[in-house]
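In: sequence? don't have it. structure:
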């Protein structure tokens, strides 16, 4: 009899713990009350394969993992460019880079383009942008549509995540009884890579590389780097991710503390990835290979609970984010293209084609273009008019070019994808306004690795 009482008591205890656990998760995932507020977080230069939610061996981003548990994770989110300006412009306009035209450090987003912030502002949202990179500043047209646009951290190239969080929370405190759209752009994972010893990923290194790693240092020493050096470089990058993730956690805590999390949808993504000596390069830009154009994407919070913890296993495009946000904000009239990512099928549609474009801040405007379809990618190099065909399902690192292959499937894909890519190349683009780059702005870009170290000539 005593044993039965203990068993019953244990059962009731487990029921209570489980119930409160579900209630806790529910309360921390969404509130489902009224029109949704929207938080868009873009983390510069963030590779998905360095996040634990994508199978990485280090726990680099526990806050992003927590948000993913309350949301929908996209395994293959395709950015539309391998560097910041054209990529973020596509995220905020739903237009491909060759259409919006902001594909050079000397070109800005046209005022004729309708931005996500403009449509949300015109439909009653308070719009706030807090950014940390020159390429997403007002100089390049990114303040368009924002009631508040804070770019005070743009020149803080080494450590800025905590300041970005503090600035965003300061701006949010002024919100009163109005739905808000907040865009926060974090920069720290971008070169320079800076040690954050509290995370201990890069501790114990005894090589010659410094605590602060710049693109120029890595390029200069590239021929003499050892396996231990490469592991150290990636470990410092991981510490940058962890430091940024902690700042994201403080941002979320601050939003909850100030009761600004009511019906909040949080979207976390990146503008592009990074090379760690894949194809003999550090940094990013120019190419459309997977390490540069596939990025993390999580949509979390006040979305249908049936989507919490789910994973989309096929490619989606980042330019679909404005359309998705329109659905979240219950705005029916808008100019945005792309699909609603909250209603995308869990199995890949056989009629979907996805596009990305390779370019560089200086020099010729478009270098490469690519189409992705059902696990295949076709790349066209505009310089030499050569094609590359990869079966990404079996060759994710894109080492075996199947353009000349006689395999039936490769021949079928050539026949299918080449006309799609040719058609994409004929899209009519807008004329992007030119800007004058001052010596100080060029100096800033040089420090970030976009221009040669000793001269103000481009690294083209």
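Out: Thanks, I have it. The shown structure was predicted, so the numbers you read here are calculated from the model rather than taken from an experiment. Numbering: from 1, shown residues only.

In: enumerate the positions of the biggest helix by length in the chain that are buried.
Out: The longest helix of the chain (DSSP state H) is helix 227-257. Within helix 227-257, the residues scored as buried using 16 or more other CB atoms under 10 Å are 229, 232-252, 254-255. C-beta coordinates here come from the backbone N, C-alpha and C atoms, glycine included.

In: likewise for stretch 56-75?
Out: Using 16+ other CB under 10 Å as the test for burial, stretch 56-75 gives 56, 58, 60-61, 63-75.

In: one more: stretch 323-338?
Out: For stretch 323-338, by 16+ other CB under 10 Å, it's 323, 324, 325, 326, 327, 328, 329, 331, 334, 336, 338.

In: quick one: the fourth one and residue 337 touch, right?
Out: No. Between residue 326 and residue 337 there is no contact, the gap being 11.0 Å when judged by CB atoms under 8 Å.

In: one step back: can you tell me which of the buried residues of stretch 323-338 end up in helices?
Out: Reading helices off the buried residues of stretch 323-338 with DSSP H, I get 323, 324, 325, 326, 327, 328.

In: got the end-to-end distance for stretch 276-287?
Out: This stretch, stretch 276-287, spans 14 Å end to end (CA to CA, to the nearest Å).

In: next one: stretch 268-285
Out: 21 Å.

In: is residue 174 in a helix, a strand, or coil?
Out: Classification of residue 174 using DSSP: H, G, I helix; E, B strand; the rest coil returns coil.

In: ok, now how distant is it from residue 260?
Out: Per CB to CB, to the nearest Å, residue 174 is found 11 Å from residue 260.

In: more neighbours, those two?
Out: When neighbours are counted by other CB atoms under 10 Å, residue 260 comes out ahead of the other of residue 174 and residue 260, with 17 against 12.

In: quick revisit: show me what the longest helix of the chain is packed against.
Out: The elements that helix 227-257 packs onto, with contact taken as 3 or more CB pairs under 8 Å, 6 or more residues apart in numbering; DSSP states H and E, are strand 37-43, helix 62-69, helix 161-172, strand 180-186, strand 193-194, strand 264-269, strand 275-276.

In: and that helix with strand 180-186, angle?
Out: Inter-element angle recorded for helix 227-257 and strand 180-186: 160 degrees (by axes from the mean of the first three to the mean of the last three CA atoms, to 10 degrees).

In: what mean pLDDT does helix 227-257 have?
Out: Helix 227-257 carries an average pLDDT of 97.

In: tell me the contacts of residue 372?
Out: With contact set as CB atoms under 8 Å, 6 or more residues apart in numbering, residue 372 has these partners: 78, 315, 353, 354, 355, 356, 392.

In: most neighbours, which of those?
Out: That'd be residue 356 among those, by other CB under 10 Å, with 29 neighbours.

In: contacts for stretch 392-403?
Out: Here stretch 392-403 has contacts from 278, 289-290, 372, 375-377, 386-391, 410, 413-414, using CB under 8 Å, 6+ apart.

In: residue 152: which of the helices and strands packed on helix 227-257 is closest?
Out: Closest of these to residue 152 is helix 161-172, at 6.5 Å (criterion: CB to CB).

In: quick check: buried residues in that closest one?
Out: Applying a neighbour-count criterion of 16+ other CB under 10 Å, one finds 161, 164, 165, 166, 167, 168, 169, 171, 172 buried in helix 161-172.

In: next one: stretch 408-417
Out: By neighbour count on 16+ other CB under 10 Å, the buried set for stretch 408-417 is 410, 413, 414, 417.

In: can you flag which of the residues you listed belong to helices?
Out: 410, 413, 414, 417.

In: how distant is stretch 88-95 from the center of its chain?
Out: Here stretch 88-95 is found 12 Å from its chain centre; the criterion is CA atoms, centre = their mean, to the nearest Å.

In: contacts for it next, please.
Out: 42, 79-81, 96-97, 100, 102, 109, 113-117, 135-136, 140, 142, 183, 185, 269, 271, 318-323, 335-338.

In: just the buried subset of those residues, please.
Out: Applying 16+ other CB under 10 Å to these flags 42, 79-81, 96-97, 100, 102, 109, 113-117, 135-136, 140, 142, 183, 185, 269, 271, 318-323, 336, 338 as buried.

In: quick one, helices of the stretch 51-200 of the chain?
Out: Here the stretch 51-200 of the chain has its helices, by DSSP state H, counting those that start in this stretch, at 62-69, 84-93, 97-100, 116-122, 161-172.

In: so which of those helices comes closest to residue 46?
Out: Closest of these to residue 46 is helix 62-69, at 9.2 Å (criterion: CB to CB).

In: please name every helix or strand in contact with that closest one.
Out: Against helix 62-69 (3+ CB pairs under 8 Å, 6+ apart) you get helix 2-29, helix 227-257, strand 264-269, strand 294-301.

In: centroid-nearest residue for this structure?
Out: residue 270 (1.1 Å; CA atoms, centre = their mean).
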